[in-house]
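Trainee: I'll drop the sequence and a predicted model, then ask my questions.
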Amino acid sequence: MILRFFSILVLLYLLGFIVFAVTLGTPAKDQRTDAVIAITGGPGRIERGIDVLSHGLAKRMLIAGTDPSVTKPDLIRRLQGKKKLVDCCVDLGSESVDTRSNAEEATRWLAKRGYKSFRLVTSDWHMRRARYEFRRVMDDNYAIVPDAVRTQPSFMTLFSEYNKYLLRRVAVLLEI
């Protein structure tokens, strides 16, 4: 009986992983929002946020989780020629160190500016957990448009992210 129970748990876990791996986040359509929030930690995220700004799909961008030593001139050098856009419309947030604190930092930033909608930019494999954390912190106070940057994640990246997502859901369920 116990062996069957654990077999079913393992099967559910594996099926969940398969669903997780084949239903990664996707890029958003050209939908206007008040802001863009790009989470650091993966290639293409900041560039995607800048692209959204340059197409007039948002007013301002927060780069959440920026290393405190990074400055706007560093960002301008990285983006090659986006000085005017970075100077006027990009804020560097260095208060957060993980996905949950990214959401907390973003909530304060959005409230300070009176924004009600934003485009959440992160990697496709990270979108599910990021969206979960942002929704938990923000409740339904903000409209979130998920905008995933396409990647080619390795098996280990997917496996690790799936486990982080599951553990976070369990921790919230157990109020840990």
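Mentor: Sure thing, it's come through.
Trainee: Only C-alpha atoms from now on, for both contacts and neighbour counts.
Mentor: Will do.
Trainee: Check the offset of the worst-scoring helix or strand of the chain on mean pLDDT from the chain's centre.
Mentor: For the chain, counting by mean pLDDT, DSSP states H and E, helix 72-79 ranks last in confidence among helices and strands (a mean of 91). Computed by C-alpha atoms, centre = their mean, to the nearest Å, the separation of helix 72-79 from the middle of its chain amounts to 21 Å.
Trainee: So which elements touch that helix?
Mentor: Applying 3 or more C-alpha pairs under 8 Å, 6 or more residues apart in numbering; DSSP states H and E, one finds that helix 72-79 makes contact with helix 83-89.
Trainee: could you redo the last one with a cut-off of 10 Å?
Mentor: helix 45-54, helix 83-89, strand 90-93 (3 or more C-alpha pairs under 10 Å, 6 or more residues apart in numbering; DSSP states H and E).
Trainee: buried residues in that helix?
Mentor: Of the residues in helix 72-79, those scored as buried under the neighbour-count criterion (16 or more other C-alpha atoms under 10 Å) are 75-76.
Trainee: Could you number the chain from 889 rather than 1 from now on?
Mentor: Taking 889 as the first residue, the last one we looked at is helix 960-967.
Trainee: Tell me where the longest helix sits in the protein.
Mentor: Counting residues, the longest helix in the chain under DSSP state H turns out to be helix 890-910.
Trainee: Would you mind identifying the next helix or strand past that one?
Mentor: Per DSSP states H and E, the first helix or strand lying C-terminal to helix 890-910 is strand 923-927.
Trainee: just how off-centre is that following strand within its chain?
Mentor: On C-alpha atoms, centre = their mean, the centre of strand 923-927 falls 8 Å from that of its chain.
Trainee: Now do that strand, average pLDDT.
Mentor: If you average the pLDDT over strand 923-927, you get 98.
Trainee: what are the pairing partners of it, and which direction each?
Mentor: Using DSSP bridges, the strands paired with strand 923-927 in its sheet are strand 948-952 (parallel), strand 1005-1011 (parallel).
Trainee: closest one to L1054 among those?
Mentor: Proximity of the strands paired with strand 923-927 to L1054 was assessed by C-alpha to C-alpha; the nearest stretch is strand 1005-1011, lying at 17.8 Å.
Trainee: and the angle from that closest one to helix 933-942?
Mentor: On the basis of axes from the mean of the first three to the mean of the last three C-alpha atoms, to 10 degrees, strand 1005-1011 is oriented at 150 degrees to helix 933-942.
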